[in-house]
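Q: Have a look; sequence and predicted model below, questions after that.
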Amino acid sequence: MEENKDTLLGKFIKTLSYKEQAYDLIKDAILFNKFRIGAIYSQESICNELGISRTPVREALIELQKEGYITILRGRGIEVTPVTEEDAKDILEVRIFYEKNNAFLAAKRIKDEDIKLLKECIEKLESNLSTFDSQLLYRIDHQFHRLVAKATQNNWMYKETELILDNYLRFENKSVYNNSIDGQLVFKEHLAIFNAIKDKDSEKAKKMMEKHLVNSYYRTLKKIWNTEKEELEIK
């Protein structure tokens, strides 16, 4: 985590409280595997790494434990809570259910400003593919999915999608953007979703989103996603 400290700290605005900064940075370290499952991290080392005092760090850790990201081990430190295979399968099913309906509603309710933001996100993804910066590309990738959820104009859909996406990152094999062929495939799938939403074709948008997610699961999570392919494969 040390080598990314300045970059990570720099992305948070100064108005964030110390607790919020600690929460975001620790959660980020969990989602992008800077904190390893099975390793024990002392509260003192986390405070030193973040340059934040014990009280806000402790408050952030308590909140993260309530949300199921970590376990606080009395007198020892913290441990990242692993996602069980059963939980992972549940998250994959829920993600498809929510996101295909996000795309359907977004295509019906999309506003001009939403189209603009989605277009900018697509262009940003394409322009950064050659960097092979997996963390950056995953952030852009998930921003696209959040923007689709936002375009539903349904705040509950948006909040649940954010929760699902964060938990998905906890076990996702973040290798797709290390491969130029797979990276291009993901971009083309996102572009197909965007075009269907922009054209207000709700059925096609729903189909393209489901196809994208099924393909994504088979690219990086085939060992977990063992549902019969014939049941979900979209032609």
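A: Nice, I can see it.

Q: Same question for the longest helix anywhere in the chain: list its buried residues.
A: When the chain is scanned for its longest helix (criterion: DSSP state H), the result is helix 85-109. The neighbour-count check on helix 85-109 (16 or more other C-beta atoms under 10 Å) flags 88, 91-92, 94-96, 98-107 as buried. In short, each C-beta sits where N, CA and C put it, glycine included.

Q: Report the two of the residues you listed separated the most.
A: The span of the buried residues of helix 85-109, defined through C-beta to C-beta, is set by Ala88 and Ala107 at 28.9 Å.

Q: so where's the chain shaky on pLDDT?
A: Where the chain drops to pLDDT under 70, the residues are 1-15, 227-235.

Q: Domain map for the chain?
A: 16-78, 83-223 (the TED database).

Q: Could I get the full set of helices for this protein?
A: So, for the chain - with DSSP H - the helices run 5-10, 18-31, 43-50, 54-66, 85-109, 112-128, 134-150, 155-169, 180-198, 202-220, 229-232.

Q: I'd like those helices as a markdown table, with distance to Gly75 appended.
A: Output for those, formatted as a markdown table (distance: least, C-beta to C-beta, whole Å):
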| stretch | distance to Gly75 |
| --- | --- |
| helix 5-10 | 26 |
| helix 18-31 | 19 |
| helix 43-50 | 10 |
| helix 54-66 | 14 |
| helix 85-109 | 28 |
| helix 112-128 | 44 |
| helix 134-150 | 33 |
| helix 155-169 | 28 |
| helix 180-198 | 44 |
| helix 202-220 | 38 |
| helix 229-232 | 47 |
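
Q: who wins for proximity to Ile78 among these?
A: Counting by C-beta to C-beta, Ile78 lies closest to helix 54-66 out of the helices of the chain; the figure is 6.0 Å.

Q: list the buried ones in stretch 199-214?
A: The neighbour-count check on stretch 199-214 (16+ other C-beta under 10 Å) flags 201-202, 204-214 as buried.

Q: Just to check, Met209 is in contact with His190?
A: No. Met209 sits out of contact with His190 when judged by C-beta atoms under 8 Å, with a separation of 9.7 Å.

Q: For the residue lying farthest from the centre of the chain, give its distance to Gln43.
A: In the chain, counting by C-alpha atoms, centre = their mean, Gly75 sits farthest out from the average C-alpha position, at 31.8 Å. Distance of Gly75 to Gln43, given as C-beta to C-beta, to the nearest Å: 10 Å.

Q: likewise Gln21?
A: Gln21 sits 16 Å away from Gln43, going by C-beta to C-beta.

Q: can you check Val94 too?
A: Computed as C-beta to C-beta, the Val94 to Gln43 distance reads 33 Å.

Q: and if you look at Gln135?
A: Taking C-beta to C-beta, one finds Gln135 at 25 Å from Gln43.

Q: try His190
A: Applying C-beta to C-beta to His190 and Gln43 gives a distance of 40 Å.
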